[in-house]
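[1] Structure, please.
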Amino acid sequence: MAKVPKPNELLIDHAFPGTGWMDTPAVFRPGNFSYPGKAKNLLAVDLPNPREWSPLDADWKLPSNWQQIILEGLRERLHKFRSLKLFMDICVRCGACADKCHFYIGSGDPKNMPVLRAELLRSVYRKDFSLAGKLMGRMVGARELTEDVLKEWFMYFFQCTECRRCSLFCPYGIDTAEVTMAARELMNLVGLNIDWVVGPVANCYNNGNHLGIQPHAFKDMIEFFVDEIEAVNGIRIEPTFNRKGAEILFVTPSGDVFADPGTYTLMGYLMLFHEIGLDYTWSTYASEGGNFGMFTSHEMMKRLNAKMYAEAKRLGVKYIIGGECGHMWRVINQYMDTMNGPADFLEVPVSPFTGTRFDNAASTKMIHIVEFTADLIKNGKLKLDPSRNDNLVMTFHDSCNTARGMGFFEEPRYVINNVCNNFHEMPLETIREQTFCCGSGSGLNNDEFMEMRMRGGLPRANAVRYVNEKFGVNALSCICAIDRAVLTTLMNYWVPDVTVYGIHELVGNALVMEGETERTTDLRGEPLPGMEDSENEDI
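    Numbering: from 1, shown residues only. Here you go, the predicted model:
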């Protein structure tokens, strides 16, 4: 891993560049690129051109006809995806998106302006698919597809988190994330991908989840959390696995099972489901809600998503509840029904406790755990003691995929305000649909990319620092597994006295369970407010 500069050493230069963008080559150095996909992982999912290579090498070991492969791939996608052709044609390069990208703000690199990043692909489109480009070339922003151009693609389309903030400000509604997705698909055709995407994809294909957790290990980890909960409140929870005939299948990102602080969020799920008596089951086959296929290709996204419906059908459940995840829910909300549906073997979700019918999920038959919990709270089905979270002065990060991808704004805030007494919003222009990205999504949450992650996360960190200094905020909550992991690193770097939480960890802290012993600690084993003396006596 490259050495990461300290915050006061991180230079950001927004000066006007000395050369034109077509004449400025991509320069790879440790810290600004992700390691390429390993041959074994490409082989596992039948991706083309598996080999060992490095972006630092002069020879990237491309197929001899790589240009033909990519141009034919582009032709196919222009025909298949009408939106892509539209986005290639209608941009007027007004620059409204230029300063909206967190990577441009944090790096000062003009090619991280969304308009210019898309131009890397659009210029090749003009040269080969437009009459003006064929006749006039550079005069109309057209250029040949060369190895240098391809290297630009690899650098900058893997410096995009597909967060879609830029699209919000585009007067023509151009979805730059779709441009990035198309460019990544084209690069995959010749074996250009990053291992932090293709590795989890291979694991998910082989073992059911991104981390490659075997079924027995998945079960063992959840049972470990059962022990942890019992140590906190004396209640023994008995989850079931692969149980046919359960009413509900619960699917969450594997990061909740194996990565702090997501593990505390998972403990909150277990406590909630036990307290209300939910008839549900886990699956060791569909043991992943997330979908790194989304960062690879539409076809890979479809392949990995299929297991949730397949397992729901095999187990005979009525519907699915999904855990706190970002890109999982963007795939579900925008693609799942048309990719792998219709799920006509499932029922429209109806809460067995409140009778609420979730018509928003009438098509997908899958609801978000936060809307499920918000409905329980609204209908008085949970006994909560928000004072157990009084040591936390909370703010909330709208995860890009749940915010811009599905308009999920109110339910998380409703839950937080019922389990916490101290909550403050970050500035309006940094939350809800205008939220800033964590800087590490779409498969960029790897160690070798750390410098760019810290640069890309700077706008979000600045907003957290603002409420930290103004209101004493010391806790940042979110509903995304990747966010929980990467925001922890980001806060340690930029705002070190702020800790990251999942919403259902906060629910687990506040939940008063029937038959519990006296609670003295939160789910992290830290003393609850007012219980510090009790902990000292135990010691």
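[2] Residue ranges in this structure under the pLDDT threshold?
    In the prediction, the chain carries residues with pLDDT under 70 at positions 1, 534-539.
[3] cutoff 90 now
    Counting by pLDDT under 90, the chain contains low-confidence residues at 1-3, 10-11, 13, 15-18, 258-259, 334, 405, 531-539.
[4] didn't residue 522 look like it was pressed against residue 509?
    Yes - in this structure residue 522 lies within contact range of residue 509 using CB atoms under 8 Å: 4.8 Å. All C-beta atoms are positioned from the backbone trio N, CA, C, and that covers glycine.
[5] the more surrounded of the two?
    Of the pair residue 522 and residue 509, residue 509 is the one with more neighbours under other CB atoms under 10 Å, namely 29 against 23.
[6] so the more buried one sits right up against residue 388, yeah?
    Yes - look at residue 509 against residue 388 with CB under 8 Å: they come within range, at 4.9 Å.
[7] Give me the common contacts of the two.
    A shared contact of residue 509 and residue 388, defined by CB atoms under 8 Å, 6 or more residues apart in numbering, is any residue touching both; here these are 522, 528.
[8] So residue 393 sits against residue 469, correct?
    No - shown here, residue 393 and residue 469 do not form a contact pair, counting by CB under 8 Å, at 11.8 Å.
[9] More neighbours: which of the two?
    A count of neighbours by other CB under 10 Å puts residue 393 above the other of residue 393 and residue 469, at 19 against 10.
[10] Excluding chain neighbours, give the residue nearest to residue 504 in space.
    Of all residues not flanking residue 504 in the chain, residue 268 sits nearest, at 3.3 Å (CB to CB, 6 or more residues apart in numbering).
[11] domains of this protein?
    Following automatic domain parsing, one finds the domains of the chain at 9-30+48-192, 201-510.
[12] hey, which of these is tucked in deepest?
    Most buried of the domains of the chain, by mean neighbour count (mean count of other CB atoms under 10 Å): domain 201-510, with a mean of 21.
[13] quick one: the strands in this structure?
    Under the criterion DSSP state E, strands of the chain are mapped to 248-251, 280-281, 319-322, 366-368, 394-396, 475-478, 499-502.
[14] All the helices of the stretch 51-200 of the chain, residue numbers only.
    66-80, 82-90, 102-107, 114-129, 131-136, 147-157, 165-169, 176-188, 195-207 (DSSP state H, counting those that start in this stretch).
[15] closest to residue 59 out of the ones you listed?
    Of all the helices of the stretch 51-200 of the chain, it is helix 147-157 that lies closest to residue 59, at 9.3 Å by CB to CB.
[16] Give the other helices and strands that that closest one contacts.
    With contacts taken as 3 or more CB pairs under 8 Å, 6 or more residues apart in numbering; DSSP states H and E, helix 147-157 sits against helix 114-129, helix 176-188.
[17] Can you give the distance from it to the centre of its chain?
    Average the C-alpha atoms of helix 147-157, do the same for its chain, and the two points are 24 Å apart (CA atoms, centre = their mean, to the nearest Å).
[18] Name the surrounding residues that touch it.
    Residues from elsewhere that reach helix 147-157 (CB under 8 Å, 6+ apart): 25-26, 28, 32-33, 55, 60, 62, 66, 70, 111-112, 117, 120-121, 123-124, 143, 180, 183-184, 186-187, 192.
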